[in-house]
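Undergrad: let's see this in three dimensions:
(chains A, B and C)
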Amino acid sequence: MAAYENKVNRKKQSWIRTIVDSDFAVGWLFALPFLVLWVWWFLYPFLQSFIRSFQDANFASLDQAKFIGFQNYVNILKDHEFYRAVLHSLEIVVIAVPVQTILGLLMAILVNQKIKGKGIFRTVFFIPYITSQIAVTTVFMMLFKQGTFVTKFFGLFGFGNVTWYADTHYALLFVAILFIFQQCGFSMIVYLSALQEVPKDLYEAGQMDGASKWEQFRYITVPYVKPITFFVVSVSTILGFQIYDQIAAISRYGALGSPAGATNTVVTYFYQNGIRYMNIGYGSAAVVLFFFIIMIITFLQKKLLDDKE
Amino acid sequence: MKKLGKLTGMLVLSFILIVSLAACGNSNSASSGDQTSTKSDKKTTITFGFWGTAQDLKVYQEAAASISQKYPNIELKIKQYPSSDQFWNTLPGEIAAGVAPDFIKITNEGAYEYIKKGLFTPLDDLIKPAGVDMSIYTPSVTDVWKVDGKQYGIPNSSTPAMFFINEDMWKKAGLGAYPTTWDEVEAAAKKLTNKDHYGIAINIDAYHITNYVKSYGGGWGNGKTINSDQNVQALQKIFDMYKEGVAVTPKSLGYGWDGEVFSNKKAAMTTGGYWYKGFLKDAAPDLKYVALPVPKGTTNGSTMISDAYVVLKDAKDKQAALQAAAYLTNEKTQTDFIKLGNNSAVASLTSKFFEENPEFKAVEPALQYSTDFGYPEETKKFKDELVNEIEASVLGGSNKSPKEVLDGIQQQFK
Amino acid sequence: MKAKKGIFLFGNYTLIIIVGLLFALPFLYTLYTSFVTMQDVNKIVGISHWTFSNYKTFFTNDAYNVPKWLLNTVIMTGIVIVGNLIINPMAAFALAKLDFAGKKLIYWIVVATMMVPYHMILIPVYVNVAHLGWLNSFAGLTVPFLYQCLYIFMLRQFFISVPNEFIEAARLDGLTKVGAFWRIVYPLAKSPLITMSILAFSGTWNSYLIPSTLTSDPAKYVLVVGLNSVKDMFFENTPLIMAGVVLTTIPILVFFFIFQKQYIEGVSSSGVKG
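TA: Model prediction:
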């Protein structure tokens, strides 16, 4: 700390400073607070759960858990419900992630204009993200009932006039719509701060060259926010895989994943087996498998979108 | 730039301050929860865990304050959980950390699973030394809490399932005497269905299905008789009423549960329970209803809802925990609960329940023949499967027959 | 030209207002429901039927200590945000702008951690907290959450776009790398740090699973847990729940409204001279 108090420009750098100010020392120093907390509050608990995935562990008697090797994994891979759950998760992600990324960017641009009352509009756009999921879900459940104007509106595009979340064909789409609705606010605010970082002179230069609004968007905004797009896409993917609250809300009084398992996802599969049925070992194994699935997807996304390095 | 350097300095400083404050606050609470210090003055601290309303909490706090009159060496602590889900989420951690409650209140709808998994202590060997008198409870209720011949719970309440009818709708349709069989219900439902409401709400939910099944002389037999002929017959009746368009499940109307359908006057009849009274008082004060025993299929049968106090297997002082649990069934505490609408499991107080709640009088005979749910050991899994399969058939159009549905489930619970 | 602009502005506003109404709808409905009685739920009734009784329940019943819960929430959220404002940017800076052995490993640690549902490690975390004697304490509610991999990842993506020339210029002025971070990069990252604060604020303020697991003493409840404990056993009192949602949401809205004003455009290009 004392080093930079010294405002005098010293040419002579001591060897101590060379070591202390190296990327290696500073890098690890800066990562250290995070790593210390992470090891104790994540890695250690995670390893405990990981070990459980090789055990036949019933939560009433965890001390008597038996080691059973890969049996849990084998059982999961034999369970067709698991594949169905993976498929459902993938469907939600494929539908929701592109839509909410694009909507988030457009919303951020809308409220980043010089207009009156943009503070209010920003706040309003952000409301769904912070309103409790139960409340949002309750309202959507009222809107997507049979015979409401919303259902009829969707009917114009060939959707059936049914109560969406009670219909095995539409329930998953209903969950995806809920997720998009709530997650847009998140993308918007991340993009909003990214837009502040775009140097204004770039737009000015663009205008001088006679670039249209669309061209400015396409050739200045989009490339400039690319690292953030990578962030938004990978985080929404992860969160999309982890959707739980919305599904719990629509199956509040019935079986999780209602109706008839149509909204079962990997996380509800884990929750149901590991926590509800108290088979912690089996549930942990499901999460480990789930972990590898998202890891692969995120890795691919990084290759596709994050070519900055 | 200088300003910002200061700012970050302040940030770090305030952070250290806050964290140290937090640590201080914590050391206080740690010492107050310390259990070794309470032992020195020869009092055993027993923790009772429950989830429920603020009124329930008040009743329990009063009981905790007076327990020293009977058991001077017991100090009773009440630990309220926000919900049952929250309790079961936390319990494994609490057990591992040694801070789980000593005894809890639980209903018989899910208890079998936990008993079979060894979560609770059998009480038989403790009852005598603890000086607890089991003969004061209604025998059929005490039996609900016996598994494999062992007593696991001190019963607290017991109420049979009920059947509710909207009196105004019934009279408007010009119907006479109230139904006593499902065939009569079905016939009435046809007359009660119009553009405003359905004849009957059948919530696709294990509790309600079980009541239909029991009224046909069936039952789940703890997993052994899932696809019995009686059960198939009962499910057939449910499917029939759906096919005829006289029945509705709350979900397709956008409601959470049957009570909401009933209070919003979207169905004229429904199976339910004693909680309807409190709910309807707030949700539909002008609705006139009658409570009846669950109609007969081929015989008298319905479920008995009972909650009881169970001692966890890791309780430090099991005998004291049992004494504290039994104390919660004292007359004063039980009378308070009767006023809140729960029928006491103490036999001598049952008549008081029907005095306080005259609208339930018609259900009294059902106390004699109502029985436990009889779910399989993997209770939650069974309930989920049952609901999923029936939903798939009724809402999803899988068009499986009742026999196919139950055969499929039976295979998974051999 | 002017007329065209006018039409554009009009269209612009119409679009924003329509989208805004759509987004506000669930909250408006929540607000509405919080003012009706249980018998009027799911119906639209006139203002004469409205009542404050749901809010009164929270503030007049001795069993519910709403001001205390609010204070607990403020303290918990405050500690978590300050911790996140220090720990996350440091780690993110190391990942974005420094080149050292082990960096890739830390990057993948950050990414992989986000993928594990917290439910999976909740029980071991609970045991950890209990062994430290931190149940029912602010330490237990905050220390495990002083960092968030999500925000480290986010800030890393932002720091990548900070031009390296800024850091090099600072080093020519005699600053160490530590100094260059705190004095140059950190202030430049105002917008992303605001975004992170807003997200961390709403996430912590609204969190239910963790505080409800780690606290069992009503005096230590945070707002969401406390309000959730106020419900009846066999049915849900919807208006009461909605009033609770309104009470928890409004502080976040205020926080957001105040902090979103801090977004100031174009810092990157002009900031270097200031």
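Undergrad: hmm, the helix or strand containing residue A:102 touching chain C?
TA: Using DSSP states H and E, residue A:102 sits within helix A:80-110. Yes - Helix A:80-110 is in contact with chain C by C-beta under 8 Å from any C-beta of the partner chain, via A:107, A:110. Any C-beta I mention is one placed from the backbone N, CA and C, and that applies to glycine too.
Undergrad: check the offset of that helix from the chain's centre.
TA: Relative to the centre of its chain, helix A:80-110 is centred 9 Å away, using C-alpha atoms, centre = their mean, to the nearest Å.
Undergrad: now it: average pLDDT?
TA: Per-region confidence: helix A:80-110 scores 93 on mean pLDDT.
Undergrad: what packs against that helix?
TA: helix A:171-197, helix A:226-241, helix A:266-270, helix A:280-305, helix C:2-33 (3 or more C-beta pairs under 8 Å, 6 or more residues apart in numbering or on different chains; DSSP states H and E).
Undergrad: quick one: which of the ones you listed is nearest residue C:99?
TA: Between residue C:99 and the helices and strands packed on helix A:80-110, the shortest separation by C-beta to C-beta is 17.4 Å, and it involves helix A:226-241.
Undergrad: residues making contact with that closest one?
TA: Contacting residues not belonging to helix A:226-241 are listed as A:89, A:92-93, A:96-97, A:100-101, A:104-105, A:179, A:183, A:186-187, A:190-191, A:194, A:222, A:265-267, A:290, A:293-294, A:297-298, A:301-302, A:305-306, A:308, C:111, C:114-115, C:150, C:153-154, C:157-158, C:160-161 [C-beta atoms under 8 Å, 6 or more residues apart in numbering or on different chains].
Undergrad: for that helix, list the C-alpha coordinates in CSV.
TA: What follows is helix A:226-241, C-alpha atoms only, in CSV (Å, rounded to 0.1, in the frame of the first residue of the first chain):
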residue,chain,number,x,y,z
LYS,A,226,-20.0,-9.3,-27.0
PRO,A,227,-18.2,-10.3,-23.8
ILE,A,228,-21.4,-9.4,-21.9
THR,A,229,-23.5,-11.4,-24.3
PHE,A,230,-21.3,-14.4,-23.6
PHE,A,231,-22.0,-13.8,-19.9
VAL,A,232,-25.7,-13.4,-20.3
VAL,A,233,-26.0,-16.4,-22.5
SER,A,234,-24.0,-18.7,-20.2
VAL,A,235,-25.6,-17.5,-17.0
SER,A,236,-29.1,-17.8,-18.5
THR,A,237,-28.3,-21.3,-19.6
ILE,A,238,-27.2,-22.2,-16.1
LEU,A,239,-30.2,-20.6,-14.5
GLY,A,240,-32.5,-22.1,-17.1
PHE,A,241,-31.2,-25.5,-16.1
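Undergrad: gap between it and the chain center?
TA: On C-alpha atoms, centre = their mean, the centre of helix A:226-241 falls 6 Å from that of its chain.
Undergrad: now do it, average pLDDT.
TA: On average, helix A:226-241 scores 91.
Undergrad: and for stretch C:151-167?
TA: Across stretch C:151-167, the average pLDDT comes to 90.
Undergrad: circling back to that earlier point, got the angle for the helix or strand just after the helix holding residue A:102 vs helix C:2-33?
TA: Where DSSP H and E defines the elements, the next helix or strand beyond helix A:80-110 is helix A:118-130. Angle of helix A:118-130 versus helix C:2-33, following axes from the mean of the first three to the mean of the last three C-alpha atoms, to 10 degrees, is 40 degrees.
Undergrad: contact partners of helix A:118-130?
TA: With C-beta under 8 Å, 6+ apart, helix A:118-130 has contacts from A:107, A:110-112, A:115, A:136, A:181-186, A:188-189, A:192, C:16, C:19-20, C:23-24, C:26-27, C:202, C:206, C:249, C:252-253, C:256-257, C:260-261.
Undergrad: domain-wise, how is chain B divided?
TA: According to automatic domain parsing, chain B comprises the domains B:9-158+B:306-358, B:162-302+B:378-412.
Undergrad: nearest to residue C:94 among these would be which one?
TA: Here domain B:9-158+B:306-358 is closest among the domains of chain B (C-beta to C-beta), at 17.6 Å.
Undergrad: which element is the residue nearest to residue A:276 when sequence neighbours are not counted on?
TA: Counting by C-beta to C-beta, 6 or more residues apart in numbering or on different chains, residue A:276 lies nearest to residue B:380, which is 5.2 Å off, once chain neighbours are set aside. Using DSSP H and E, residue B:380 maps to helix B:379-394.
Undergrad: for that helix, buried residues please.
TA: Residues of helix B:379-394 classed as buried by neighbour count (16 or more other C-beta atoms under 10 Å in any protein chain shown): B:379-394.
Undergrad: show me how far stretch A:145-157 is from its chain's centre.
TA: With C-alpha atoms, centre = their mean, you get 29 Å for stretch A:145-157.
Undergrad: again with stretch B:324-343
TA: Distance of stretch B:324-343 from its chain centroid, counting by C-alpha atoms, centre = their mean, is 16 Å.
Undergrad: how long is it from one end to the other?
TA: End-to-end span of stretch B:324-343 (C-alpha to C-alpha, to the nearest Å): 20 Å.
Undergrad: same question for stretch B:295-311.
TA: Counting by C-alpha to C-alpha, you get 36 Å between the two ends of stretch B:295-311.
Undergrad: that stretch near chain A at all?
TA: No - using C-beta under 8 Å from any C-beta, we find that stretch B:295-311 stays clear of chain A, coming within 12.4 Å at best.
Undergrad: average pLDDT across that stretch?
TA: On average, stretch B:295-311 scores 95.
Undergrad: buried residues in that stretch?
TA: Buried, per 16+ other C-beta under 10 Å, within stretch B:295-311: B:295-297, B:300-311.
Undergrad: excluding residues flanking it in the chain, which one is nearest residue C:99?
TA: residue A:23 (5.0 Å).
Undergrad: the one you found: neighbouring residues, count only.
TA: The number of residues packed near residue A:23 is 15, by other C-beta atoms under 10 Å in any protein chain shown.
Undergrad: list the contacts of it.
TA: With contact taken as C-beta under 8 Å, 6+ apart, residue A:23 is in contact with C:98-100, C:177.
Undergrad: restricted to helices, list these.
TA: residue C:177 (DSSP state H).
Undergrad: just the buried subset of the contacts of residue A:23, please.
TA: C:98, C:100, C:177.
Undergrad: what would these look like in CSV with distance to chain B and pLDDT?
TA: As requested, these are exported to CSV (distance: C-beta to the nearest C-beta, whole Å; pLDDT from 0 to 100):
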residue, distance to chain B, pLDDT
C:98, 19, 93
C:100, 23, 93
C:177, 15, 90
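Undergrad: ok, which of these also contact chain A?
TA: Answer for the buried ones among the contacts of residue A:23 near chain A (C-beta under 8 Å from any C-beta): C:98, C:100, C:177.
Undergrad: I'd say the first one and residue C:177 touch.
TA: Yes - here residue C:98 reaches residue C:177: they are 7.1 Å apart, a contact under C-beta atoms under 8 Å.
Undergrad: nearest to residue A:132 among the contacts of residue A:23?
TA: Of all these, residue C:98 has the smallest distance to residue A:132: 40.1 Å, by C-beta to C-beta.
Undergrad: who's in contact with the closest one?
TA: A:23, A:26-27, A:30, C:177.
Undergrad: most widely separated two among these?
TA: A:23 and A:30 (10.2 Å).
Undergrad: next SSE after the helix or strand bottoming out on mean pLDDT in chain B?
TA: Every helix and strand of chain B was ranked by mean pLDDT, DSSP states H and E. The lowest is helix B:35-40, at a mean of 42. Following helix B:35-40 in sequence order, the next helix or strand is strand B:44-51 (DSSP H and E).
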